[in-house]
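Peer 1: fold the stuff below for me.
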Amino acid sequence: VHKAVFEGAHISPGQHLYRIAELSRVWVYADIYEYELPWIQVGQEAEVELSYLPGRTFNGRVTYIFPFLESKTRTLRVRMSFDNADGKLKPEMYANVEIQAPVAEKAVVVPVQAIIHSGERRLAVVSLGEGRFQSREIEIGVEANGFYQVINGLREGDRIVTSSQFLIDSESNLKAAVGAMVSESAAGVEAMVGESTDAVSGDEGHDH
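Peer 2: Prediction:
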C-alpha cells in the first residue's frame, strides 16, 4: 500500500522500503458515547454503510472494546471486523456504523417527549390525580422508535405528562414547567406508561 524506494535508489539499514497490508479483511473503529456503553458487547453484529455507496451495507462484528474513554470527547473506541473481498472498504475512510444491541424481551417504555433532561438527571412528570403532579428521577436505557426504555423510576400503569412543549434543559426551570403542565392537564397531555416487547434497537456511531 506504500512504496518508499525505487529501482536504482540507495538504501540504508533500517530504512522503510514498503508497507504491505492484507485488506481482504479490515478493522473499522467507532466512537461510542458513554451512556451507550451498557449496550455494547464483543461479538455483536455491526453494519457499515459508505457515503459513496448508498444502499449497500457491509456486515461484521464487534471484536474489541477499548478499556478507557477519550478524556475530551467522553467517548469509547470500539473495533469491528469486516470482510472486504472486493476492496470497497479502504483505510482512512469515514462510514456510518450501526451496532445491533440485544433485544429486551419485556420492558417498560415511555415516549421520548415525556423525558425532561436536566443536566445529568432524567426526569418524568407523573400525574397523581386531582391536578397534582410529581417530578420523578428515572433511569433510562436505549431509545427505539420514539420511546425510551425505563430501567428504574416508573412502573407500568403510571400516568405521565407527554406534551413536548414542556421539555426543559435545566432543573431550575422545572417548577415553572410543572405549573404550566397543570394548566394543560385538561387538554389531554397525559399518557399511560406502557409495557413493550420491542423496546430496543441498534446504536449508531461514526468511525475514524
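
Peer 1: show me the protein divided up by domain.
Peer 2: Residue ranges for the domains of the chain, per automatic domain parsing: 25-100, 107-200.

Peer 1: for Pro13, find the nearest of these.
Peer 2: The minimum distance between Pro13 and these falls on domain 25-100, with 28.0 Å, by Cβ to Cβ. Any C-beta I mention is one placed from the backbone N, CA and C, and that applies to glycine too.

Peer 1: got the end-to-end distance for the closest one?
Peer 2: End-to-end distance of domain 25-100 (Cα to Cα, to the nearest Å): 20 Å.

Peer 1: how about the helices in the chain?
Peer 2: Counting by DSSP state H, the chain has these helices, from start to end: 174-184.

Peer 1: so where's it shaky on pLDDT?
Peer 2: 102-105, 163-208 (pLDDT under 70).

Peer 1: do that again at 50, thanks
Peer 2: Along the chain, the model assigns pLDDT under 50 to residues 164-172, 182, 185-189, 195-206, 208.

Peer 1: for the domains of the chain, give me JSON lines that also has distance to Val5.
Peer 2: Formatted as JSON lines, the domains of the chain follow (distance: least, Cβ to Cβ, whole Å):
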{"stretch": "domain 25-100", "distance to Val5": "21"}
{"stretch": "domain 107-200", "distance to Val5": "52"}
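
Peer 1: let me have the ones you listed in JSON lines, extended by distance to His16 and mean neighbour count.
Peer 2: Converted to JSON lines, the domains of the chain look like this (distance: least, Cβ to Cβ, whole Å; neighbours: other Cβ atoms under 10 Å):
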{"stretch": "domain 25-100", "distance to His16": "17", "mean neighbour count": "15"}
{"stretch": "domain 107-200", "distance to His16": "45", "mean neighbour count": "16"}
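
Peer 1: max-length strand in this protein?
Peer 2: strand 57-69 (DSSP state E).

Peer 1: His10: which of the domains of the chain is closest?
Peer 2: Using Cβ to Cβ, the domains of the chain put domain 25-100 closest to His10, at 29.1 Å.

Peer 1: so what's the gap between the closest one and the chain middle?
Peer 2: In terms of Cα atoms, centre = their mean, to the nearest Å, the gap separating the centre of domain 25-100 from the centre of its chain is 12 Å.
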